[in-house]
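> Fold the stuff below for me.
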Amino acid sequence: MAKGTLGGPRTTEGARALTVEELGPELFRVAFKLDGYAGVDYRSQDGDAAYLDLGTPVHTAKGYAPEFRLATVSNGRVTLFEADTNPAAKVGADLLDIRGKVRSIGINDPEDGRKELASIGDPGTVQELVEMVLAAPVDQNRWDHDGERYFIAFHLEDGTAVTRAFWLESGELSRGIMTPALFQVPILQALTEAGALPPRDGP
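Prediction:
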């Protein structure tokens, strides 16, 4: 598995959690817990985890590349983790394993990313948007996140969702997936039709 950073996905309206039966084999175990132990000069390594305890088994998720999704189990409850960064990522497909798996796209509240404001359900449009994301170049050195932000929720066929911050001005889909200008068009159209765009200053 390529070295990268994993983050727990947001809880998104209408999305469900994975079950233990949907997990693949154990891939590795946590070798070091960063929280409370790593100093400011420590450089994270493969096998490190921010908050998972030492020795926690980490599993693959059936049907998904391990570079995209991993999971842990505690008291029978599955916690899903998705790739946030990957130094080897060149295009969106290197970060998101969602081709052929998206049934609809939600545009979610900019505050917490959970509440859906508008949605896109037309299969052709959904497929076009997904392909734009997967083909988009990745620049994970960007930190200029000015302008309006929403959250894009890719609702998958298995009932789970992949939710990422999206900045309208730059076209960046977190983290560092630089979508083309055409990606914004149906997003803005869906928000407009739902009456969810904020009022703008001026004429």
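
> who's in contact with stretch 176-191?
Residues outside stretch 176-191 that contact it (Cβ atoms under 8 Å, 6 or more residues apart in numbering): 85, 89, 92, 95-96, 107, 117-120, 125, 129, 132-133, 136-142, 150, 152, 164, 166, 168, 170-173, 197. For the C-beta atoms, the positions are set from N, CA and C on the backbone; glycine is no exception.

> in it, what's buried?
176, 177, 178, 179, 183, 186, 187, 190, 191 (16 or more other Cβ atoms under 10 Å).

> Now intersect those with the strands, please.
Among these, the members falling in strands are 177, 178 (criterion: DSSP state E).

> ok, residue 134 - contacts?
91, 92, 93, 96, 98, 99.

> how much space between it and residue 97?
From residue 134 over to residue 97 the distance is 9 Å, taken as Cβ to Cβ, to the nearest Å.

> thinking again about what came up before, okay, the buried residues of stretch 176-191 in CSV with pLDDT and distance to residue 113 next?
Formatted as CSV, the buried residues of stretch 176-191 follow (pLDDT from 0 to 100; distance: Cβ to Cβ, whole Å):
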residue, pLDDT, distance to residue 113
176, 92, 17
177, 95, 16
178, 94, 20
179, 95, 17
183, 96, 18
186, 95, 19
187, 94, 15
190, 95, 16
191, 93, 15
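
> Could you export the buried residues of stretch 176-191 to CSV, including columns for distance to residue 19?
Shown next, in CSV, are those (distance: Cβ to Cβ, whole Å):
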residue, distance to residue 19
176, 31
177, 29
178, 35
179, 32
183, 33
186, 33
187, 32
190, 31
191, 33
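
> Spit out the contact partners of residue 64.
residue 97.

> Of the contacts of residue 134, keep whichever come out buried.
92, 93, 96, 98.

> what's the neighbour count on the residue nearest to the last one when sequence neighbours are not counted?
Distance criterion Cβ to Cβ, 6 or more residues apart in numbering; nearest residue to residue 98, sequence neighbours excluded, is residue 154 at 5.6 Å. The tally of other residues near residue 154 (other Cβ atoms under 10 Å) stands at 24.

> now swap in the one 3 residues further on and tell me
Residue 157: 12 surrounding residues under other Cβ under 10 Å.

> per-residue confidence for it?
At residue 157, the predicted lDDT confidence score is 93.

> just to revisit the earlier point, is it correct that the residue nearest to residue 98 falls within a strand?
Yes. Residue 154 forms part of a strand when assessed by DSSP: H, G, I helix; E, B strand; the rest coil.

> if I look at it, how far off is residue 138?
17 Å.
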